[in-house]
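> quick check, what structure comes out for this input:
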Amino acid sequence: MRRDLERLNHVLIPATKSERDRYRNSRLARRARPLVWMITRMTREGRVMLASVALASILAIDLGRTDAHVLVFAMGSLLLASVLLAPAYRLPGVTVDVRCPRRVTIGEEIALTLSFRNDGPAEHRFIRVERPLLPWDGKWRGAQPTLARLPPGGSASAVVHARFIARGEHHIDPLSAAPLLPLWLAQGRAVRTPGARFVVVPRVARVTSFAIGRNRRHQLGGVASAAKTGDATDLLGVRPYRPGDPVRDLHARSWARHGSPMVREYQEEHLSRIGLVVDTDVAAAGDDPFEGALSLAAGVIARLALGEARVDLLVAGDGAHALASERNVGSLDHALDVLAAVQPSGPFSAERTLARLGSHLDTLSAIVLVFLAWDPARAAFVAALRARGTACTVLIVGDRTAREPHGTTVALDAITRGEALAL
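Residues are numbered from 1 along each chain as shown. Below is the predicted model:
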């Protein structure tokens, strides 16, 4: 309900950059540019004065009974003079850039840092940062920063904060910085930053332990991050030299201790490759459990990344996504990017999900299933996986009172509150 109201309140603000650019280039927007220019030349104090002038004008209609029109003309003239003088105030030699993190957790504040550099000969005072309109899920936090002084050849920085309540890739339109005129009723010509891009990712559930039944299937070649070149191997021990053994495998200390050539003996590495399937059938539970399932999936991946297991495949929504190729390097970041873009889908289908797993089933040691409910379709899917010899761990997002014998029920409020989850 809250998200629907947020969307309704921002129905006139396009959600994506492409839609906003198309709106800016529309015929209506081109015709409204003079009015937009005048409004953007005013500061927030100037806009308050403009509203006051408009209100006072209504009270000053009867010129025979009140002298309020004198105040209206005085305020209006002062405001108009400030707007007309605004183009004369510029920031020559000033450049500004913006930096922001690549990812931010949903509901948490993101900090955008603006870096100012004055390569001109003059000092500038009172530079205010103007923030663009945000899409429906975003809200600026705190006041607009104002730089009191920017000396020639100097630099300064300012930070603005925002918060977003919807997952996915976001693009913030360029911010601007403009000099303030005396009385702070208007501002001069602005310099603009580039746009800022980042991804709002789901919250990572606090999974403190995770027990998973798995088959350690032989993985020829191991992983690319193994220390030994060629096929990835584990050191098994040392043994006497045999003709044809690589010279690089000779072990000098064992040779000196035994008095005869000894070589290192390796065995090819066996890995625990894990697949993770996230249920996206929102009709089975609702939006909040769906967001909780994504958070739980992120927590499971983060926990497995701390051990020897490796999450190779993430199935969510309409596709199967292979994660980072090296052992746990970047796998969580990659998974968060995938989960950030997941959208609700239709009813859960065992056949369709098995097709997405495809040939990966032959290499996966186990599969973690994050479900929103338990029904015959999901039971048939789990049975089909186990029939192919794949170990399965079933997690069901529900409430604290629910108990499902076919899997582990994880309370939604425990996920959202950040409670420790021992699974």
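
> do you know how far Asp399 is from Asp413?
Per C-beta to C-beta, to the nearest Å, Asp399 is found 7 Å from Asp413. (Each C-beta comes from the backbone N, C-alpha and C, glycine too.)

> tell me which element Asp97 falls in.
Assigned by DSSP states H and E, Asp97 belongs to strand 94-99.

> strand partners of that strand, parallel vs antiparallel please.
Strand 94-99 pairs in its sheet with strand 109-118 (antiparallel), by DSSP bridges.

> where are the low-confidence patches of the stretch 51-200 of the chain?
Applying pLDDT under 70 to the stretch 51-200 of the chain picks out residues 62-66.

> where exactly do the strands run in it?
Assigned by DSSP state E, counting those that start in this stretch, the strands in the stretch 51-200 of the chain fall at 94-99, 103-105, 109-118, 124-130, 138-141, 146-150, 155-164, 168-172, 176-179, 191-192, 196-201.

> how about the ones you listed in a markdown table, adding distance to Val282 and mean neighbour count?
Below are the strands of the stretch 51-200 of the chain laid out as a markdown table (distance: least, C-beta to C-beta, whole Å; neighbours: other C-beta atoms under 10 Å):
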| stretch | distance to Val282 | mean neighbour count |
| --- | --- | --- |
| strand 94-99 | 35 | 17 |
| strand 103-105 | 21 | 17 |
| strand 109-118 | 26 | 17 |
| strand 124-130 | 38 | 19 |
| strand 138-141 | 23 | 14 |
| strand 146-150 | 44 | 15 |
| strand 155-164 | 20 | 17 |
| strand 168-172 | 16 | 18 |
| strand 176-179 | 39 | 22 |
| strand 191-192 | 39 | 17 |
| strand 196-201 | 19 | 19 |
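
> would you turn those into CSV with distance to Ile61?
Shown next, in CSV, are the strands of the stretch 51-200 of the chain (distance: least, C-beta to C-beta, whole Å):
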stretch, distance to Ile61
strand 94-99, 45
strand 103-105, 51
strand 109-118, 45
strand 124-130, 34
strand 138-141, 37
strand 146-150, 37
strand 155-164, 42
strand 168-172, 43
strand 176-179, 35
strand 191-192, 41
strand 196-201, 47
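
> now the helix or strand encompassing Val36 against strand 124-130, angle please.
Assigned by DSSP H and E, Val36 falls within helix 33-41. Put simply, helix 33-41 runs at 120 degrees to strand 124-130, going by axes from the mean of the first three to the mean of the last three C-alpha atoms, to 10 degrees.

> who's in contact with helix 33-41?
47, 83, 86, 130, 186-187 (C-beta atoms under 8 Å, 6 or more residues apart in numbering).

> how about a cut-off of 10 Å?
Applying C-beta atoms under 10 Å, 6 or more residues apart in numbering, the contact partners of helix 33-41 are 24, 29, 32, 46-47, 50, 80, 82-87, 130, 176, 178, 181, 185-190.

> narrow these to those that are buried.
Buried members of the contacts of helix 33-41, scored by 16 or more other C-beta atoms under 10 Å, are 46, 50, 82-83, 86, 130, 176, 178, 181, 185-188, 190.

> re earlier: show me how far the helix holding Val36 is from its chain's centre.
33 Å (C-alpha atoms, centre = their mean, to the nearest Å).

> just stretch 42-51 next, same as before
Centroid separation for stretch 42-51 versus its chain: 35 Å, with C-alpha atoms, centre = their mean.
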